[in-house]
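Peer 1: Return a 3D structure for these sequence lines:
(2 chains)
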Amino acid sequence: MSAPLLQVRDLCVEYDTPAGPAKAVDHVSFDLHAGEFLAVVGESGCGKSTMLFSIAQLLTYPASTVGGEVLFDGRDLAALSAEELRQVRWRDLSVVMQSAMNALNPTLSIGAQLADACRAHTDWDETKIAQRSAEVLSMVSIDPTHLSSFPFQLSGGMRQRAMIAMALLLEPKLVIMDEPTSALDVVAQRSLMRQVENLRRELGFAVLFVTHDMSVVSHFSDRLAVMYAGQVVELGATRDVFDRPRHPYAHGLLEAFPSLVGESRPLMGIPGNPPSLVTPPLGCRFAERCAHATEQCRTEAPTLDVVDGHAVRCHLVSKGVLS
Amino acid sequence: MTEPILRVSHLSRYFRVGGFRSKGILHATDDVSFDVAPGEIVALVGESGSGKSTIARVLAGLYPPTSGTITFEGAVLGKKSSRKVRGHMPMVFQDPFGSINPVLRVGHSLFRSLTLHRPEFDRDARQAEAVALVEKVGLLPGAEVLRRYPHELSGGQRQRLGFAQALASKPSLILADEPVSMLDVSIRIGLLNVMKQLRDDEGVSLLYITHDLASARYVADRMIVLYAGRIVEEGRTNDVIASPQHPYTRLLMATAPDPRLPLAADTDVEDLGEPPKVINPAPGCRFAPRCPVAMDVCRTTTPTPVTLSTGQRVACFAVTAS
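Peer 2: Okay, the predicted model is just below:
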């Protein structure tokens, strides 16, 4: 097997707060292979968006990457100069931001914004730019006549698709997506996800997709990472995580979804709230909300152990008490 | 059959849009009729722009209706709703962070509400009632919670407080406008359970406004599906979920993300349409441009809801024809 496209090793990000540094991302490691779709799910404040920003080298004060490395195509992104980063961005990896509908410039037409990116990153002439812009818009099922439309003339779903078209402009190897569907209605959400999936099959780029709603990615991602309080608590094949979640938190999250199929039965959710990241608990970060927590869970931090190709951060799962 | 607690008949609310010379009239809700029975949870389901929040706001008296009548507890509501009506039909809002005054203690709003709506209570009785209210919605220990400030509560706790505030005036119907959409998934279900428990223990009716079919299925006894300001389908929740009749309800069901469903790509609906903006609409079914089974009549005549043998009411020519 070839080397992974993206290797994240022991990534740590801290926020400077008046109460001391908050460990928003704590020793996160994973690999992403070329053409693979990895989804990262977690609740608000679990560090998932911070982690994306750190990978794309977009963090600004008060957040800073304090440890670990991000190897993209064998190069450590953190070690690159601003100019080198500028060359990697968009051409090799592009980012689709959360609420992409507001990330478009309201005073420029869609075509002008696409051309802007082309001029900054390529030496294409105007005909080539116009041709490629029309091409990427058609790829996301937007009629190229909309090149002269302004963002306010497009619906929410179309703006979101235009953002994805923009990200695909230079055929990147990796597209990072930060909750691109969260502002959309379910019907538009579904068609956007299908479109991303079809484009990925066709063009072969890898996707790193962050969302708080794991049901959105349930049918699309290859692997799924569940984050809790800054740490990856479970990482495995998506279907496997959904069918047999090991970590009590992942299990609880899945149990918290009302379903449209099957018997209607009372659900419980997860009691309590995530811990403070400034003074995280000594042991497992989920111990306080966990129904199975033991003395060891409260005093000793569990490690991310791999059992049958499925990584879980839980003492009880590692010891085989829970499965 | 018992008298409905709320009867909405032919309710419409239009808004003028565009500049002041503009003749654009947005039909936010159009000719909507439904009942809510005592002790029942009714879900109003629709996408953004379907008019579900407009209905709640008209019911709460925030906008007057353009036409139509609202009968609540046997009396027709006038242009302005009285304090008594507002007390009996309070609203819980979507944003738990924007709907609570941050500089006043949690207890303050509850005491205010109790003073206004329950004048029979003296000071001690108010305190006791406030503690009982917050404990009813699962905020423990009650006396301690009342002394806290809103920033000390999490989003889920604040929404619970919203329900406690609504309960303070001894309501018969609570309007809950997307109460869980801004909460994390692990907390949502707890709040939905609070809603069920209020129905079962307090006998309160709820109008649950949501875009999430699965959560509507979880709490609601009946379900009303809205599209572009009109009711397209209405019925008992189990019937609607088990056999959705209107093509729009079917589309919603097919696109709702559900990790428990196996992915069947071939049954998936390909749909890139979007709900229309209903400005100066012509007659006809509003779903017709996206509808896979649309006929000529759908584009020229507005379908009226027809009650099927299953008890579902559906506004669709294709369904009534077959």
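
Peer 1: For chain B, what lies in contact range of chain A?
Peer 2: Within chain B, the residues that sit near chain A (Cβ under 8 Å from any Cβ of the partner chain) are B:47-48, B:154, B:156, B:184-190, B:192-193, B:211-215, B:217-218, B:238, B:241, B:251-253, B:255-261, B:263, B:268, B:270-272, B:274-275. From N, CA and C alone the C-beta is placed, and that goes for glycine too.

Peer 1: which of these count as buried?
Peer 2: Burial by neighbour count, 16 or more other Cβ atoms under 10 Å in any protein chain shown: within the residues of chain B next to chain A this picks out B:47, B:156, B:184-190, B:192-193, B:211-215, B:217-218, B:241, B:251-253, B:255-259, B:261, B:271-272, B:274-275.

Peer 1: OK, contacts around residue A:128?
Peer 2: Not one residue lies near residue A:128 by Cβ atoms under 8 Å, 6 or more residues apart in numbering or on different chains.

Peer 1: host element of it?
Peer 2: Element membership for residue A:128, per DSSP states H and E: helix A:126-139.

Peer 1: Give the buried residues for that helix.
Peer 2: A:129, A:130, A:132, A:133, A:134, A:136, A:137, A:139.

Peer 1: Report the lowest-confidence entry in those.
Peer 2: Taking pLDDT as the measure, those have their low point at residue A:139 (88).

Peer 1: wait, isn't that residue in contact with residue A:168?
Peer 2: Yes: contact criterion Cβ atoms under 8 Å: residue A:139 and residue A:168 qualify, at 6.6 Å.

Peer 1: Pull up the overlap in contacts between these two.
Peer 2: The contact lists of residue A:139 and residue A:168 share residue A:199, where a contact means Cβ under 8 Å, 6+ apart.

Peer 1: Low-confidence regions, the chain specifically.
Peer 2: Assuming you mean chain A. A:1, A:100-101, A:323 (pLDDT under 70).

Peer 1: was after chain B, sorry
Peer 2: B:1, B:79-81, B:261-273.

Peer 1: Going along the chain, name the strands of it.
Peer 2: B:6-17, B:24-36, B:41-45, B:67-72, B:75-76, B:91-92, B:173-177, B:205-210, B:222-227, B:230-236, B:306-307, B:313-314 (DSSP state E).

Peer 1: Does anything pack onto the third one? Which helices or strands?
Peer 2: Counting by 3 or more Cβ pairs under 8 Å, 6 or more residues apart in numbering or on different chains; DSSP states H and E, the packing neighbours recorded for strand B:41-45 are helix B:52-59, strand B:205-210, helix B:213-219, strand B:222-227.

Peer 1: now do the last one
Peer 2: If contacts are counted by 3+ Cβ pairs under 8 Å, 6+ apart, strand B:313-314 sits against strand B:230-236, strand B:306-307.

Peer 1: Distance from it to the middle of the chain?
Peer 2: Put simply, strand B:313-314 sits 19 Å off its chain's centre (Cα atoms, centre = their mean, to the nearest Å).

Peer 1: ok, and what's touching that strand?
Peer 2: B:231, B:232, B:233, B:234, B:235, B:245, B:246, B:305, B:306, B:307, B:308, B:320.

Peer 1: just to revisit the earlier point, tell me which of the buried ones among the residues of chain B next to chain A fall in helices.
Peer 2: B:156, B:185-190, B:192-193, B:213-215, B:217-218, B:241, B:251-253, B:255 (DSSP state H).

Peer 1: Dump the helix holding residue A:128 to CSV, keeping only the CA atoms.
Peer 2: The C-alpha trace of helix A:126-139 is given here as CSV (Å, rounded to 0.1, in the frame of the first residue of the first chain):
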residue,chain,number,x,y,z
GLU,A,126,-8.6,34.2,-19.8
THR,A,127,-10.1,31.7,-22.2
LYS,A,128,-8.7,28.8,-20.2
ILE,A,129,-10.0,30.3,-17.0
ALA,A,130,-13.5,30.8,-18.5
GLN,A,131,-13.5,27.3,-19.8
ARG,A,132,-12.4,25.7,-16.6
SER,A,133,-14.9,27.8,-14.5
ALA,A,134,-17.8,26.7,-16.7
GLU,A,135,-16.6,23.1,-16.4
VAL,A,136,-16.5,23.1,-12.6
LEU,A,137,-19.9,24.7,-12.3
SER,A,138,-21.4,22.0,-14.6
MET,A,139,-19.7,19.4,-12.4
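
Peer 1: Specify the residue positioned farthest from the middle of chain B.
Peer 2: Most distant from the centre of chain B: residue B:124, at 34.9 Å, with distances by Cα atoms, centre = their mean.

Peer 1: measure it to chain A for me?
Peer 2: For residue B:124, the distance to chain A (Cβ to the nearest Cβ, to the nearest Å) stands at 32 Å.

Peer 1: That residue and residue B:135: what is the separation?
Peer 2: Using Cβ to Cβ, to the nearest Å, one gets 17 Å for the distance from residue B:124 to residue B:135.
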